[in-house]
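> Please find the sequence and the predicted model below.
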Amino acid sequence: MKKFLLTLILVIVSAFSFAQKDSIETLKQRLALESTDSLKIQLMLHLGGQYEFIKPDSAIHYFHLALALANQNGFERLSLLCNQRIARFMFDNGNYTEALRLSNQSIDQAKELKDTIRMWYSIRQILWLYTGLGSDKAMEYTDQLLSLTRSAAINRSSDAAGFNEMANRYKADIFKSIHQDDSAFFYYSLALNFAKKAKDPLYLGLCTENIGQFYFQKEKYDSAFYYYRLSTPIAIQSLRTDIKMRNQFDMASIFLKKTELDSALVYANIVFKDAASLPDSAMMENASYLLSTIYKKQGKIESAYKYLEFAVTLKNLLSEQEQEKNAREMLFKEALQQQQKEQERSQAEQKYKSNIKIYSLAGGIAVLVLLAFMFYRNSRQKQKDASKIQEAYNELKTTQSQLIQSEKMASLGELTAGIAHEIQNPLNFVNNFSEVNKELIDEMQQEMDMGNYVDAKDISNDIKDNEQKINHHGKRADAIVKNMLQHSRSNNGKREPTNINALADEYLRLSYHGLRAKDKSFNATMKTDFDESIGNINIIPQDIGRVVLNLINNAFYAVNEKKKQNPTGYEPTVSVSTKKINSGVEIKVADNGTGIPQKVLDKIFQPFFTTKPTGQGTGLGLSLSYDIVKGHGGELKVVTKEGEGSEFIIQIPNQSS
């Protein structure tokens with residue numbers, strides 16, 4: 001039994017998913033044996049789909065192979081299908097510019113083939129793109145979808161009702177996003193009628209959910225309850241936890257408004273668990289705030305505070321994710337503007353060439369009329385041409401500079417994709433060990449049913465080991481994401497009067513207790529020396545707090561490493577002090593730990609440089625701290641001696657907010 005269990009673990013853990021790998025290998029074997037080009041193209045598209053979330057480079061490779069083979073054989077419809085698949089891949093991976101270009105190309109192909117249904121899907125892809133950006137163009141594309149649903153091709157299709165349902169629901173979504181609720185309700189009602197004709201549970205679940213939300217916003221709670229209770233079982237049947245979750249969140253909110261706190265608590269807890277299972281961080285945040293409010297009204301202050309604290313943590317994380325999304329959208333908008341400028345430049349060039357032809361023709365006519373006038377005319381024309389050529393040259397140089405900048409932004413996008421690829425590694429381990437634990441739990445239950453409790457206990461120990469590995473790699477991915485977002489984000493925070501002594505003391509204790517929670521054997525002496533005459537200074541407290549916390553964490557790490565060396569009479573000590581200086585305030589974080597080697601001292605503020613072992617640090621903490629202090633107009637310095645300890649000194653001027 002143990003031999004079988006070990007074999008099973010090795011098989012599952014050795015790759016992201018052997019079941020998926022087997023599927024890929026099977027598809028590759030079929031592709032190698034297939035002689036029909038049209039079937040080869042379909043197999044390549046399937047292979048690309050299998051690779052999409054585990055190896056994006058291989059996915060796009062097979063998509064392009066399929067497209068090339070389709071073009072080579074003149075398979076126009078398969079070429080269209082390949083372009084649509086590549087456009088969806090680009091959209092999912094944040095390359096909005098390429099997704100838009102390919103979608104427009106697919107629309108042109110569909111028009112040539114008179115394929116209304118494929119045209120509908122390409123227009124929908126562009127609609128999703130502009131909807132995500134909050135662009136006014138989204139309404140234009142919903143109107144195009146509605147127009148196509150009235151075509152003969154779609155009305156003859158077996159899913160005509162489904163096309164009509166989706167088009168009307170998308171139209172309603174746009175009206176809802178611009179707060180025209182009555183128009184949104186009208187189109188949701190139309191969509192519901194088509195959903196009933198289509199007899200599709202998912203369409204019914206979405207439509208009844210949206211109508212329920214309309215009544216909820218209008219505070220017509222009985223009507224809202226009616227539609228939520230229609231939508232929820234349909235959502236469960238369709239395996240759409242997200243729809244069920246949104247319904248029950250509003251139902252919990254209604255119970256709260258009616259002060260039916262027990263019912264509100266039941267639904268809120270269900271929403272929180274569903275959000276965690278997806279996971280959906282935004283809904284977890286909303287559910288946490290709701291649970292906090294309910295517990296507060298019940299007088300359970302401890303539980304209320306716990307969920308409030310959890311909600312604030314999620315809010316901070318989501319804020320950073322939103323900034324990353326905004327950055328991607330900004331790059332896309334800039335690319336669109338660049339395309340528009342390029343188009344205008346091309347039109348100007350065409351106009352210039354047309355003018356040249358007109359002038360040349362006029363010169364030829366002038367030659368026939370009068371030879372002397374021709375020489376005069378040509379002389380003036382050359383001067384004009386020279387001026388226009390110079391203008392065209394200057395414009396070309398400007399365009400070249402813009403293209404170079406565009407290329408730099410494209411390189412930044414590739415770097416971001418590379419970072420995402422690196423993050424996939426620890427996530428693969430999490431997924432693999434989770435799958436193993438499912439099998440182990442089934443095995444353990446079988447052993448318990450047979451009364452083999454010794455083997456069952458051995459299996460439970462294996463499960464425990466796997467859970468520790470899941471926790472380790474999950475934290476590893478979390479650290480990579482948080483540090484990368486913190487280092488790359490731009491801060492729009494406002495300065496505010498802050499008690500620097502209270503802030504430093506809070507983060508000292510926060511750091512110490514956080515390390516103690518991870519390692520009960522960790523102990524260190526904390527010393528403080530705060531200048532009470534400082535008063536409040538104008539800073540961005542979250543940012544300076546992050547700097548102080550990072551320096552204190554590093555100090556505790558240094559003393560703990562030195563303690564592991566077992567020096568005689570050594571007492572690990574971390575000191576934090578503040579002092580008022582002429583220009584503002586000085587904060588010192590000192591330790592008697594391992595110190596910093598002189599040979600690496602010049603590198604410690606560089607991004608990604610770290611002296612910690614692999615997996616324990618990303619090398620972004622000090623770099624981020626240095627940037628934050630510089631952003632406050634201050635200085636971050638270090639005094640250190642290898643083997644004796646380090647002292648980091650923050651000097652911040654007291655500026656007006």
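Yep, that arrived. Residues are numbered from 1 along each chain as shown.
> Would you map the helices across the stretch 101-250 of the chain?
116-133, 137-149, 152-156, 160-177, 181-198, 201-217, 221-237, 241-257 (DSSP state H, counting those that start in this stretch).
> Can you give the contact residues for the first one?
Here helix 116-133 makes contact (C-beta atoms under 8 Å, 6 or more residues apart in numbering) with 77, 80-81, 84, 87-88, 91, 96, 99-100, 103-104, 106-107, 109-111, 137-138, 141-142, 144-145, 148-149, 151, 153-154, 157, 163, 166, 170, 173-174, 177, 329, 332-333. C-beta: built from backbone N, CA, C; applies to glycine.
> Please indicate which of those residues are buried?
Judged by neighbour count, with 16 or more other C-beta atoms under 10 Å as the criterion, the buried members of these are 80-81, 84, 87-88, 91, 96, 99-100, 103, 106-107, 109-110, 138, 141-142, 144-145, 148-149, 151, 154, 163, 166, 170, 173-174, 329, 332.
> Quick check: Phe214 vs Ile178, distance?
Here the criterion is C-beta to C-beta, to the nearest Å. By it, Phe214 lies 15 Å from Ile178.
> who has more neighbours, the two?
Phe214 (21 against 13; other C-beta atoms under 10 Å).
> Who are the contact partners of that one?
Phe214 makes contact with Asp181, Ala184, Phe185, Tyr188, according to C-beta under 8 Å, 6+ apart.
> Report the separation between it and Leu146.
As defined by C-beta to C-beta, Phe214 lies at a distance of 20 Å from Leu146.
> for Val574, same thing?
Distance of Val574 to Leu146, computed by C-beta to C-beta: 66 Å.
> In terms of neighbours, single out the busier of the two.
Under the criterion of other C-beta under 10 Å, the comparison of Val574 against Leu146 puts Val574 first, with 26 against 17.
> tell me the pLDDT at the more buried one?
Residue-level confidence at Val574 comes out at 94, pLDDT.
> Equivalent analysis for Ala287, please.
The model reports Ala287 with a pLDDT of 90.
> And Gln347, by the same measure?
In this model, Gln347 carries a pLDDT of 65.
> which of the contacts of Phe214 has the most neighbours?
Across the contacts of Phe214, the neighbour count under other C-beta under 10 Å reaches its highest value at Tyr188, namely 27 neighbours.
> so what pLDDT did it get?
If you check Tyr188, the pLDDT there is 92.
> Pretty sure it sits against Thr208.
No - no contact is recorded between Tyr188 and Thr208 when judged using C-beta atoms under 8 Å, the distance being 9.1 Å.
> Can you show me the CA trace of stretch 48-64 as PDB?
Once non-C-alpha atoms are left out, stretch 48-64 reads as follows in PDB (Å, rounded to 0.1, in the frame of the first residue of the first chain):
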ATOM      1  CA  GLY A  48      -2.500  25.600 -28.000                       C
ATOM      2  CA  GLY A  49      -5.500  25.500 -25.700                       C
ATOM      3  CA  GLN A  50      -3.900  22.800 -23.500                       C
ATOM      4  CA  TYR A  51      -0.600  24.800 -23.200                       C
ATOM      5  CA  GLU A  52      -2.300  28.200 -22.700                       C
ATOM      6  CA  PHE A  53      -2.200  28.400 -18.900                       C
ATOM      7  CA  ILE A  54       0.900  26.200 -18.300                       C
ATOM      8  CA  LYS A  55       3.300  27.300 -21.100                       C
ATOM      9  CA  PRO A  56       2.100  30.400 -23.000                       C
ATOM     10  CA  ASP A  57       5.100  30.400 -25.400                       C
ATOM     11  CA  SER A  58       4.200  26.900 -26.600                       C
ATOM     12  CA  ALA A  59       0.500  27.900 -26.900                       C
ATOM     13  CA  ILE A  60       1.100  30.800 -29.200                       C
ATOM     14  CA  HIS A  61       3.600  28.700 -31.200                       C
ATOM     15  CA  TYR A  62       0.900  26.100 -32.000                       C
ATOM     16  CA  PHE A  63      -1.700  28.800 -32.700                       C
ATOM     17  CA  HIS A  64       0.600  30.400 -35.300                       C
END
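> quick one: the strands in this structure?
Secondary structure of the chain (DSSP state E): strands at 496-499, 525-529, 536-539, 573-581, 584-591, 635-641, 645-653.
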